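[1] Task: produce atomic coordinates for the following.
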Amino acid sequence: MRLIKIVLLITFNYSFSQEFDVSEFKINNSEILIEEVSAIGLDSEDNIYIYHRGKNPLIKVSKNGELLKVFNDQIFPNSHGLKIDKYDKIWTTDLNTNMVTKLDKYGEVDMVIGKKNRPGTWLVSPQDLNGFTDYKSMPLFNKPADIAFDSKDNIYIADGYGNNRIVKFSPEGDYILEWGTYGKKDGEFHLPHGITIDDDDLIYVADRENSRIQIFNSNGKYLKKWEGIGYPYGLKYHDNFIYMTDARNEKIKKIDLDGNIMWEFGSPGREIGEFGWAHGIDISKDGSIYITEILNWRIQKISIKNENY
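    Predicted structure coming up:
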């Protein structure tokens, strides 16, 4: 495993030094080839779930790269978003099937929201169903991008590519509310691509093509926006900061909860410490950052040293 060390001196309204150890994370199995890696998730034991657009699109490996499980490859024809919830359940979005799928650690399907291969925009409240209760199997999404969970286990879907909205469901998958439409105004979206939630249940949405992050409360009320941050793709809340991938500029950014960029790291390329369409992100218990790349077909691990402000 090749490891490089990068030291940055960054100056905004303040100065600090930042040291990164960067390496390519590899799977210790020559029969497994990962291709366009769209997303990554870590469970409570820091096992790593890799979601990519090739054969065996969802795999589980240990933090040392040992292959632990290969999941059913018929479920995920065009992988996009992946999150592991606090119960170690696996949640995925797929752009072709237009479904959100919940799996247990053995790969058994616990829940599906959306109708396979049927894009849709229609959502209804329970009182409008006229006794029909299986609406989770209706055409609900149009290329859903990402998933997040609040402190009450409610589910938030970034229904990004086609519908430009956020949809909230109960832990059981019952529809609660939705907000957003196509546009540039506050509360509107042009491809909500990533979503993450902080300890106060504030919702951070990567409004990708509007080049901003919008923040809402859990009822969908618009609160504020962060502009001038690049093009947000993946978002991860961790330890009172938001971490973001910017695939257009091939940067990884750390942002405080006031919207200030604390540091940014990366450039286009194929070398270690460079990125080719940095897309997904997750963070381990020790603070190591895992970044997936669509173009370079790989995962890079970034360990932060001497973080002094």
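
[2] Tell me which other helices or strands the helix or strand harbouring Ile281 touches.
    Element membership of Ile281, judged by DSSP states H and E, is strand 278-283. Contact analysis of strand 278-283 by 3 or more CB pairs under 8 Å, 6 or more residues apart in numbering; DSSP states H and E lists strand 37-42, strand 235-238, strand 241-246, strand 251-256, strand 289-293 as its packing neighbours. No exception for glycine: its C-beta is placed from N, CA and C like everyone else's.

[3] Show me the one of these that comes nearest Lys86.
    strand 37-42 (11.8 Å; CB to CB).

[4] List the buried residues in that closest one.
    For strand 37-42, the neighbour count (16 or more other CB atoms under 10 Å) marks 37-42 as buried.

[5] Quick one: residues contacting the spatially closest residue to Lys301 that is not a sequence neighbour.
    Of all residues not flanking Lys301 in the chain, Phe25 sits nearest, at 4.6 Å (CB to CB, 6 or more residues apart in numbering). Contacts for Phe25 were tallied using CB atoms under 8 Å, 6 or more residues apart in numbering; they are 48, 65, 290, 298-301.

[6] any idea which of those residues has the most stuff around it?
    Counting neighbours by other CB atoms under 10 Å, Ile48 comes out on top of these with 25 neighbours.

[7] Contact partners for the nearest residue to it once chain neighbours are set aside?
    Of all residues not flanking Ile48 in the chain, Val61 sits nearest, at 5.2 Å (CB to CB, 6+ apart). Listed by CB under 8 Å, 6+ apart, the contact set of Val61 reads 27-28, 47-48, 50, 67-68.

[8] hmm, which two among those residues are most spread apart?
    Most distant of these, by CB to CB, are Asn28 and Asn47, 13.8 Å apart.

[9] still on that earlier bit, tell me what the residue nearest to Lys301 is bridged to.
    With DSSP bridges applied, Phe25 shows beta-bridge pairing to Ile299.

[10] Quick check: it vs Lys105, distance?
    To Lys105, Phe25 is 21 Å away according to CB to CB, to the nearest Å.
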